[in-house]
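Asker: Generate coordinates for the sequence data below:
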Amino acid sequence: MSTTRGRTSRPTGRPPLTDERKAEIRLEIARAAVDLFVTQGVTATTGEQIGAAVGVSARTVWRYFPSKESCVRPLFSAGIDMIADCLRRWRPGQPVAELFDQELADEDHLLAGPDRATVGALVRLTRTEPGLRAIWLQTYDEAEPAFARALAERAGLSADDLRPTIQAAIFNAALRAAVEHYAWHTAGIDADRDTAQTELAATLRSALTVVGEGVV
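Answerer: Here you go, the predicted structure:
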């Protein structure tokens, strides 16, 4: 801390944001973007509108995300770490669906943010919005190596071994297919929050049961 003519100078400006607060802001922006995309469409939504819904400037939105479509990414990727942790804990002979039962029941894990009925609407938009589809698929591409590392650790294999790599691809494809199946088959159904949560969890559990029958 320097002094000038006997006076002590103090740092000016706002204190830097913590990593935790930055993550919170990213999630707030993601939730606002989803609500706007679902209610008025992606094309009609602007960065200014997303920022206003959160109480920040459009400049802040672009500081966190390169495009308006990428704003939803935190919601798509929310469950990757949880799933990887579950796979590391997966005991030999344990039904894989049983492993995920507690997490599937927790709405803050696999798909965090808006209620799951809204998430279904968002995933349906990936069919008609190329920008959202790219983010959706990119999220799963990035999840696969994390799942492969977890499965390799579980089996005591090298991270680049082919077996956990293939198993990770199977898990990844099953999870994506399950969420998309849920989204497509709930279109036009006015389900309440609890019903949507139960239906998505049941769909994911069914998909994991199928996977578990082929991965031992």
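Asker: Please compute how far stretch 166-185 lies from its chain's middle.
Answerer: In terms of Cα atoms, centre = their mean, to the nearest Å, the centre of stretch 166-185 is found 14 Å from the chain centre.
Asker: Scan this protein for its longest helix.
Answerer: helix 130-155 (DSSP state H).
Asker: Tell me how confident the model is about that one, as a mean pLDDT.
Answerer: The average pLDDT within helix 130-155 is 92.
Asker: Tell me which other helices or strands it touches.
Answerer: Identification of packing neighbours for helix 130-155 by 3 or more Cβ pairs under 8 Å, 6 or more residues apart in numbering; DSSP states H and E yields helix 73-76, helix 80-89, helix 116-125, helix 162-185. C-betas here are computed from N, CA, C, even on glycine.
Asker: Compare these and give me the one nearest residue 134.
Answerer: helix 73-76 (10.5 Å; Cβ to Cβ).
Asker: Residue 205: which element?
Answerer: Using DSSP states H and E, residue 205 sits in helix 193-214.
Asker: what is the mean pLDDT for that helix?
Answerer: Taken as a whole, helix 193-214 has a mean pLDDT of 76.
Asker: Next: stretch 52-61.
Answerer: pLDDT averaged over stretch 52-61 gives 95.
Asker: Repeat that for stretch 79-90.
Answerer: pLDDT averaged over stretch 79-90 gives 83.
Asker: what separates residue 40 from residue 32, distance-wise?
Answerer: Counting by Cβ to Cβ, to the nearest Å, the gap from residue 40 to residue 32 is 12 Å.
Asker: of these two, who's got more company?
Answerer: Set residue 40 next to residue 32 and count neighbours by other Cβ atoms under 10 Å: residue 32 wins out with 22 against 11.
Asker: three-state assignment of that one?
Answerer: helix (DSSP: H, G, I helix; E, B strand; the rest coil).
Asker: All further residue positions should be reported with the first residue as 35.
Answerer: OK, 35 is where the count begins now, so the last one is residue 66.
Asker: wouldn't it be in contact with residue 92 here?
Answerer: No. Applying Cβ atoms under 8 Å as the test, residue 66 and residue 92 come out as separate, 12.0 Å apart.
Asker: so what sits against both of those two?
Answerer: residue 84 (Cβ atoms under 8 Å, 6 or more residues apart in numbering).
Asker: domains of this structure?
Answerer: 53-105, 111-248 (automatic domain parsing).
Asker: dump the residue contacts of residue 219.
Answerer: Counting by Cβ under 8 Å, 6+ apart, residue 219 has no contacts.
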